[in-house]
Every structure is written in structure tokens, then in C-alpha cells.
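> Model the structure of this input:
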Amino acid sequence: MREALYNKDFSIVFNQLLGKASISCYRIGEFSNIDQGYLSRLRNGTKSNPGPETVMKISLALAHCSGKITISDIERLFNSVGRSVRIN
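Residues are numbered from 1 along each chain as shown. Below you'll find the predicted structure:
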């Protein structure tokens, strides 16, 4: 049950950040080398949670493609899958 919650959270945050960055999944896919169909399923919430490497690739693509994305935004994306980018 918890996995479904994170899955929904990820798609919500991912959509918000795509909107904030004013970029498409296609552009994220170009930069990150992640399959466009997979990104669309993540965005729609029909695919299970991405792993940490995929979240990092998406985060780097978002940050690279838009100066509007902050470290707080990246942290929100990682938190949406039950992870963090904070170093203890």
C-alpha cells in the first residue's frame, strides 16, 4: 500500500517540476537517456516508483534544462519516493 502512495506522490511532484521548469518529458528523456514511454508512465502514475539512479537522472535533467529548479525541488522529488539527497 505504501508503494502506491509514493508512486502517486512522485507523479504529482514530477508534473509540478515539469511545469515549473517549463519543459517536456521529451527534453528530460533527451538529456537523461531515459525512454520517453517510461517517463510518460512515471508522469501519469501508471508505472511503479523509479529507482534512485533514475530519480537522479531526472533531477539532473530538470536542473540542467531549467534555472528555475532548486535543490529544494530536487529534495521534494527524492522525498516523493521515500529517499533524500541530504548528506548526514
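
> Find the residue closest to residue 40 in space, skipping its chain neighbours.
Closest residue to residue 40 apart from its sequence neighbours, by C-beta to C-beta, 6 or more residues apart in numbering: residue 25 at 5.8 Å. All C-beta spots, glycine's among them, are computed from the backbone N, C-alpha and C.

> Could you check how far that neighbour is from residue 18?
7 Å (C-beta to C-beta, to the nearest Å).

> Give me the common contacts of these two.
Common contact partners of residue 25 and residue 18 (C-beta atoms under 8 Å, 6 or more residues apart in numbering): residue 43.

> Residue nearest the middle of the chain, spatially speaking?
Geometric centre of the chain, nearest residue: residue 14, 4.5 Å, by C-alpha atoms, centre = their mean.

> what's near enough to touch that residue?
With C-beta under 8 Å, 6+ apart, residue 14 has these contacts: 42, 43, 58, 77, 80.

> Next, residue 35: phi, psi?
phi -50, psi 130 (degrees, to the nearest 10).

> Check what pLDDT the nearest residue to it once chain neighbours are set aside gets.
Nearest residue to residue 35, sequence neighbours excluded (C-beta to C-beta, 6+ apart): residue 29, at 6.8 Å. Listed pLDDT for residue 29 reads 96.

> What is the helix or strand harbouring residue 29 packed up against?
Under the criterion of DSSP states H and E, residue 29 resides in helix 25-32. Helices and strands touching helix 25-32, as assessed by 3 or more C-beta pairs under 8 Å, 6 or more residues apart in numbering; DSSP states H and E, comprise helix 36-44, helix 52-65.

> Pick the most deeply packed of those helices.
helix 52-65 (a mean of 18; mean count of other C-beta atoms under 10 Å).
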